[in-house]
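Trainee: how does the following fold in three dimensions:
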Amino acid sequence: MEIWQYIEILRQPNKTWFFSKNNTEEKINALTKIANEGYSGLIYSLTEFLKDDNRKIRETTCRTITHLFKKIDSKKGYYDTLKHCRISKSDIDFYEANFSKDQYVELLAISSLNGSGYVREKAVKKLSEIDHPRSIQFLIYRLADWVLPVREAALNGIDNYKTSNYIDSLIENLPIFEWLQKVERIDLSGVYNDIIEFIASKNRSYVIDNFKKYPDKLRILLARHISSSLRDNSQELNLLLTDKHFLIRNLSIQHFDKLMQTEIEQLLKDKSANVRLQTIYCLKEQNGFEATAKKFLADNSATIRLFARFTLKQTDIDFAKFYHNNLQENIQVIGSLCGLAEIEGEQYSETVKLYLKDKKIRVKKTAFLALCKLDEEGAYNFAFANLDSQYIGLRNVIIEFLSHITRQEVLTKAKSIYESGNYDVKRSMLKLFNKVGGWTTIPDLMIGTIDENENIRQLAFGYLQIWRVRAVRLFSTPKQGEVERAKQIFSFVNETHEDKQYFKTNPVEGLDFYFK
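Mentor: Presented below is the predicted three-dimensional model:
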């Protein structure tokens with residue numbers, strides 16, 4: 001049954017004239033279906049049933065509307081969805097008398113987004129009085145209302161919630177302030193600063209003690225305000241230093257002069273490259289900085305390696321030899337492999353090859369990528385031998401490399417691997433065929449569309465569509481052998497599709513045009 005049919009059921013009288021049969025259960029079932037299958041735009045069609053004579057229908061309607069209301073996932077979506085709802089000022093009084101507090105506050109929130117300024121104003125005043133954390137979000141929205149009395153009512157309402165009981169709710173809604181200020185309909189800096197003063201100054205101890213319980217987005221907002229007014233308190237600085245989010249740890253660098261040497265060392269070893277880099281910048285004017293920079297020549301971050309080499313370019317350090325020595329001693333392996341590739345240290349490519357056998361996949365993958373720049377033929381030999389690697393990350397970089405080297409032996413091996421491979425390997429080979437493109441791989445993409453696995457068929461179909469688009473730019477003439485194979489595979493695949501009906505429309509239909 002369609003949604004509109006459920007709405008029609010709700011519009012029927014509660015008792016039909018024929019046999020006076022009660023249809024309450026039918027209406028409740030319709031509301032349940034709307035809640036499960038419906039969307040927020042349906043609230044407009046349901047508000048009239050909030051005043052139904054039947055209490056069960058009223059209650060179920062309210063639950064359905066609340067459920068749909070919570071499906072709205074954007075700030076702009078609230079007003080666009082609810083501004084036309086048929087709600088009057090007297091309806092708000094009816095809601096207060098007939099629904100529970102939790103239900104009433106949701107209906108007030110919806111009413112506060114109504115197109116009528118009078119309805120919004122009354123809803124905002126009621127939200128100010130109801131003493132419920134859910135009110136705060138919708139009071140903040142109305143702070144930027146284009147009707148002055150509504151704005152004033154919202155401002156007074158927010159003041160009512162500036163108590164210790166609602167600190168967490170105010171913090172939770174700080175991002176809405178940020179968004180509203182970007183909208184720039186009205187200057188909210190005064191009220192925003194007032195809220196921040198209440199949270200980050202008057203209730204600072206509470207915020208510090210409970211800081212770790214807030215999600216990342218809120219912690220970052222709070223951390224900025226804590227950092228901007230950092231007190232001479234090791235607890236606050238330590239809070240920034242030890243946070244799990246790098247943006248918050250980065251704030252501690254703004255107070256570099258307050259950091260102890262152990263804390264600076266901690267930041268130099270931070271897992272975030274951005275934190276390490278900012279810390280290094282703070283040290284660059286200090287005596288003996290060259291010794292510090294040398295420690296970062298083989299950092300895992302390319303930006304930090306580049307900065308370290310730039311800092312030490314006037315010294316007598318042989319960077320290629322430095323990286324080679326690191327690899328021989330098995331220290332800073334990832335950064336040293338990357339460093340050799342960056343400075344084109346081809347003379348040490350044999351040392352890089354040794355790490356192609358490393359047990360750690362990340363090391364093996366990095367060594368291969370380095371070898372691609374230092375010794376292309378050596379990289380090709382490894383890629384060809386490991387085309388069917390069980391490690392998908394390594395397999396992906398190999399495919400990317402080989403897709404630019406269209407040797408026939410690679411495609412022949414890829415076809416063989418596809419035939420005997422598992423699901424993941426087949427996906428990778430199709431990816432290779434798609435990247436190589438052209439006349440030589442179209443038969444293999446067609447074969448993919450009749451694979452026994454539906455997901456493989458769908459993937460091959462998508463790649464086939466890409467091939468069709470690219471075909472208009474294939475200015476090269478196909479070799480006779482490629483044309484013959486394409487025709488042969490097309491005939492077999494086309495016949496299979498006609499028989500199996502894997503797709504609504506045959507995915508290879510019309511492809512034979514290209515093989516004439």
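
Trainee: may I ask you to name the longest helix in the chain?
Mentor: Looking across the chain with DSSP state H, the single longest helix is helix 480-500.

Trainee: tell me the buried residues in stretch 80-99?
Mentor: 81-82, 85, 87, 91-92, 95, 98-99 (16 or more other Cβ atoms under 10 Å). All C-beta atoms are positioned from the backbone trio N, CA, C, and that covers glycine.

Trainee: ok, so what distance separates Ser234 from Arg249?
Mentor: Counting by Cβ to Cβ, to the nearest Å, the gap from Ser234 to Arg249 is 16 Å.

Trainee: again with Glu346
Mentor: For Glu346, the distance to Arg249 - Cβ to Cβ - is 39 Å.

Trainee: farthest pair within the buried residues of stretch 80-99?
Mentor: For these, the maximum inter-member distance is 23.6 Å, found between Thr81 and Asn98 (Cβ to Cβ).

Trainee: stretch 85-102: end-to-end distance?
Mentor: Stretch 85-102 has its terminal residues 20 Å apart, counting by Cα to Cα, to the nearest Å.

Trainee: and the contacts of it?
Mentor: 43-44, 47-48, 50-51, 58-59, 62, 103-104, 107-108, 110-111, 114, 116, 118-119, 122-123, 126, 130, 132, 134 (Cβ atoms under 8 Å, 6 or more residues apart in numbering).

Trainee: out of those residues, list just those in helices.
Mentor: Using DSSP H, the contacts of stretch 85-102 in helices are 43-44, 58-59, 62, 103-104, 107-108, 110-111, 118-119, 122-123, 126, 134.

Trainee: give me the buried subset of these.
Mentor: 43, 58-59, 62, 103-104, 107-108, 110-111, 119, 122-123, 126.

Trainee: and the residues you listed, which is closest to Thr505?
Mentor: Ile43 (39.1 Å).

Trainee: contacts only, for the closest one.
Mentor: 65, 68-69, 81-82, 85, 110.

Trainee: okay, it: pLDDT?
Mentor: Per-residue pLDDT puts Ile43 at 94.

Trainee: what's the answer for the one 3 residues further on, then?
Mentor: For Leu46, the model assigns a pLDDT of 94.

Trainee: got it, and Ser90?
Mentor: On the pLDDT scale, Ser90 gets 96.

Trainee: just Arg142 next, same as before
Mentor: The model's pLDDT for Arg142 equals 93.

Trainee: ok, for it, nearest residue in space, not its chain neighbours?
Mentor: Nearest-residue entry for Arg142: Ala154, 3.8 Å, with adjacent residues in sequence omitted and distances by Cβ to Cβ, 6 or more residues apart in numbering.

Trainee: for the one you found, give me its contacts.
Mentor: Counting by Cβ under 8 Å, 6+ apart, Ala154 touches 124, 128, 139-143, 145.

Trainee: buried residues, the helix or strand hosting Asn381. List them.
Mentor: For Asn381, the element it lies in under DSSP states H and E is helix 376-385. When neighbours are counted by 16+ other Cβ under 10 Å, the buried residues of helix 376-385 are found to be 378-380, 382-383.

Trainee: what's the following helix or strand after that helix?
Mentor: Downstream of helix 376-385, the first helix or strand assigned by DSSP H and E is helix 392-402.

Trainee: tell me the secondary structure for Ile280?
Mentor: Under DSSP: H, G, I helix; E, B strand; the rest coil, Ile280 falls in the helix class.

Trainee: tell me how far it lies from Thr315.
Mentor: Per Cβ to Cβ, Ile280 is found 17 Å from Thr315.

Trainee: more crowded one of these two?
Mentor: The residue with more neighbours, out of Ile280 and Thr315, is Ile280; 21 against 11, by other Cβ atoms under 10 Å.

Trainee: so the more buried one sits against Thr292, correct?
Mentor: Yes - counting by Cβ atoms under 8 Å, Ile280 touches Thr292, with 7.1 Å between them.

Trainee: shared neighbours of the two, anything?
Mentor: Overlap of the contact sets of Ile280 and Thr292 (by Cβ under 8 Å, 6+ apart) consists of Leu268.

Trainee: related to what we said a few turns ago, want to throw the buried residues of helix 376-385 into JSON lines with pLDDT and distance to His255?
Mentor: Output for those, formatted as JSON lines (pLDDT from 0 to 100; distance: Cβ to Cβ, whole Å):
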{"residue": "Gly378", "pLDDT": "96", "distance to His255": "49"}
{"residue": "Ala379", "pLDDT": "96", "distance to His255": "47"}
{"residue": "Tyr380", "pLDDT": "96", "distance to His255": "52"}
{"residue": "Phe382", "pLDDT": "97", "distance to His255": "48"}
{"residue": "Ala383", "pLDDT": "96", "distance to His255": "49"}
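
Trainee: so where's this protein shaky on pLDDT?
Mentor: Judged by pLDDT under 70, the chain has its weakly predicted residues at 15-21, 183-185, 475.

Trainee: wait, which of the contacts of Ile43 is closest to Ile264?
Mentor: Looking across those and measuring by Cβ to Cβ, the closest to Ile264 is Phe69, at 50.3 Å.

Trainee: residues in contact with the closest one?
Mentor: With contact set as Cβ under 8 Å, 6+ apart, Phe69 has these partners: 40, 43, 106, 109-110.

Trainee: now swap in Arg151 and tell me
Mentor: 142-145, 186.

Trainee: between those residues, which is nearest Pro507?
Mentor: Pro507 has its nearest neighbour among these in Ala144, at 51.8 Å by Cβ to Cβ.

Trainee: what would the buried ones among the ones in helices among the contacts of stretch 85-102 look like in TSV with distance to Glu495?
Mentor: As requested, those are exported to TSV (distance: Cβ to Cβ, whole Å):
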residue	distance to Glu495
Ile43	53
Arg58	62
Glu59	61
Cys62	59
Gln103	63
Tyr104	67
Leu107	63
Leu108	66
Ile110	59
Ser111	64
Val119	66
Lys122	71
Ala123	67
Lys126	71
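
Trainee: looking at Ser234 and Arg249, which is more packed in?
Mentor: Per other Cβ under 10 Å, whichever of Ser234 and Arg249 has more neighbours is Arg249, with 23 against 12.

Trainee: got the buried residues of stretch 80-99 as TSV, with distance to Val333 columns?
Mentor: What follows is the buried residues of stretch 80-99, written out as TSV (distance: Cβ to Cβ, whole Å):
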residue	distance to Val333
Thr81	55
Leu82	58
Cys85	63
Ile87	66
Asp91	70
Ile92	68
Tyr95	67
Asn98	70
Phe99	65
